[in-house]
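Colleague: have a look; sequence and predicted model below, questions after that.
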Amino acid sequence: MNKILQKQVLAPTLKQIIVEAPLIAKKAKAGQFVILRIHEKGERIPLTIADYDRDNGTITMIFQEVGSSTKRLGLLEIGDEILDLVGPLGQPTEHPAGAKRIVCVGGGVGVAPVYPEAKELHESGVEIISIVGARNEELLFYLDNMKAVSKELHVTTDDGSKGRKGFVTDVLKELIESDKGIDAVIAIGPMPMMKAVSDLTKNYGLKTIVSLNSLMVDGTGMCGGCRVTIGNETKFACIDGPAFDAHEVDFIEQMRRLRMYQIEEKVEDCRCGE
Ligand code: NAD
Ligand code: FES
């Protein structure tokens, strides 16, 4: 079980694995994630289910090698097994009812979790306009996948090496102002990007959903690690999310919480290279 069937390098430090996991594949929906461990004393790694194949019993996961655990995961090869894989966890994303045209925004690695949202909506007959952005051309991935489920695909890079030079929000603002009849926005990527999208769409009263990559430990609502403030309520990204109404999210608190363990992550990083 949990055997790696395919492995691919998508961009520097960004890898995709397709893993045998028939029970998870059977139930998975867009927005859900898994938590895995690669050895007995290993850290639990939460990863979005970027795609699933119910017939072949596989799930696809994309990860950035940022700390020791994800670097170790990146060393596993085709045929290796993942020690434990729990999921699907979290709530499937609740898509805006009655929406006919939705803009899906994926920033950097956030393209991995936005793809299943776009695919599921496209399959249910919603027209998708996609915006995919990265720092440079080398970091772009899944353009063909996004194109296949979108009526329009807009690409941005911060340095202008591919597509439009600028941020995803530049294109989003133009699309909203060009009055294309957009009913909602789904935006997934780094927290500052999701905040910027949320601030923008709030001005236009445009329903917006984001997916929070909060710190997670157990993934079952017990540890409190993934606490988020939504409106005036405390929620847990692992059991109540990870998708939430962007206009209700306290992004400043989330960014502060994400910075809390940066030093520990760096120490772990150094140990990985020992
Ligand atoms: P990045 O910082 O390179 O940004 C990617 C794109 O997002 C940029 O090219 C730009 O178009 C847009 N963007 C970034 N900051 C913006 C801002 N202030 N305003 C408007 N647009 C902005 O992305 P990265 O290096 O891939 O991001 C890594 C971070 O994303 C990590 O912290 C990771 O944990 C997080 N992440 C989040 C999710 C999620 O589910 N929300 C998924 C994967 C990764
Ligand atoms: Fe522990 Fe959500 S990860 S409560």
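Modeller: Looks like it came in fine. Numbers count the residues shown, from 1 in each chain. Ligands and ions are numbered 1, 2, ... in the order given.
Colleague: pLDDT at whichever residue of the stretch 1-150 of the chain sits closest to ligand 1, what is it?
Modeller: Nearest to ligand 1, among the residues of the stretch 1-150 of the chain, is Gly108, at 2.0 Å (C-beta to the nearest ligand atom). C-beta: built from backbone N, CA, C; applies to glycine. Looking at Gly108, its pLDDT is 94.
Colleague: who's in contact with it?
Modeller: With contact taken as C-beta atoms under 8 Å, 6 or more residues apart in numbering, Gly108 is in contact with 133-135, 139, 189-190, 193.
Colleague: just the ones of the residues you listed in helices?
Modeller: The helices, defined by DSSP state H, take in Met193 from the contacts of Gly108.
Colleague: which residue ranges form the helices in the protein?
Modeller: 22-27, 68-75, 111-123, 143-148, 168-177, 191-203, 237-240, 251-259, 262-272.
Colleague: out of those, which comes closest to ligand 2?
Modeller: For ligand 2, the closest of the helices of the chain is helix 237-240, at 3.2 Å, according to C-beta to the nearest ligand atom.
Colleague: contacting residues around the closest one?
Modeller: By C-beta under 8 Å, 6+ apart, the surrounding residues in contact with helix 237-240 are 46, 89-91, 212, 214, 216, 218-221, 226-228, 230, 244.
Colleague: out of these, which are close to ligand 2?
Modeller: Among the contacts of helix 237-240, proximity to ligand 2 is found for 216, 218-219, 221, 226 (C-beta under 6 Å from any ligand atom).
Colleague: in these, find the pair that's most separated.
Modeller: Within those, Met216 and Gly221 form the most distant pair, 10.5 Å apart (C-beta to C-beta).
Colleague: which of those two has more neighbours?
Modeller: Met216 (22 against 13; other C-beta atoms under 10 Å).
Colleague: for that one, what are its contacts?
Modeller: Neighbours of Met216 in contact, by C-beta under 8 Å, 6+ apart: 35, 44, 46, 225-226, 237-238.
Colleague: the residue of the stretch 1-150 of the chain closest to ligand 1 and ligand 2, how far apart?
Modeller: Distance, Gly108 to ligand 2, using C-beta to the nearest ligand atom, to the nearest Å: 23 Å.
Colleague: interface residues of this protein facing ligand 1?
Modeller: Applying C-beta under 6 Å from any ligand atom, we find that the chain lies next to ligand 1 at 107-110, 113, 133-135, 156, 158, 167-169, 188-190, 192-193, 196, 211, 213.
Colleague: which of the helices of the chain is buried the deepest?
Modeller: Neighbour counts (mean count of other C-beta atoms under 10 Å) averaged over each of the helices of the chain peak at helix 111-123, with a mean of 23.
Colleague: got any ranges where the stretch 101-250 of the chain has weak pLDDT?
Modeller: Along the stretch 101-250 of the chain, no part satisfies pLDDT under 70.
Colleague: wait, what's in contact with Leu76?
Modeller: For Leu76, the contacting residues are 4, 7, 17, 38, 82, by C-beta under 8 Å, 6+ apart.
Colleague: is it true that Cys104 touches Ile131?
Modeller: Yes - Cys104 lies in contact with Ile131 (C-beta atoms under 8 Å); the separation is 7.4 Å.
Colleague: which of the contacts of Leu76 come close to ligand 2?
Modeller: Checking the contacts of Leu76 against ligand 2 by C-beta under 6 Å from any ligand atom, not one of them is in range.
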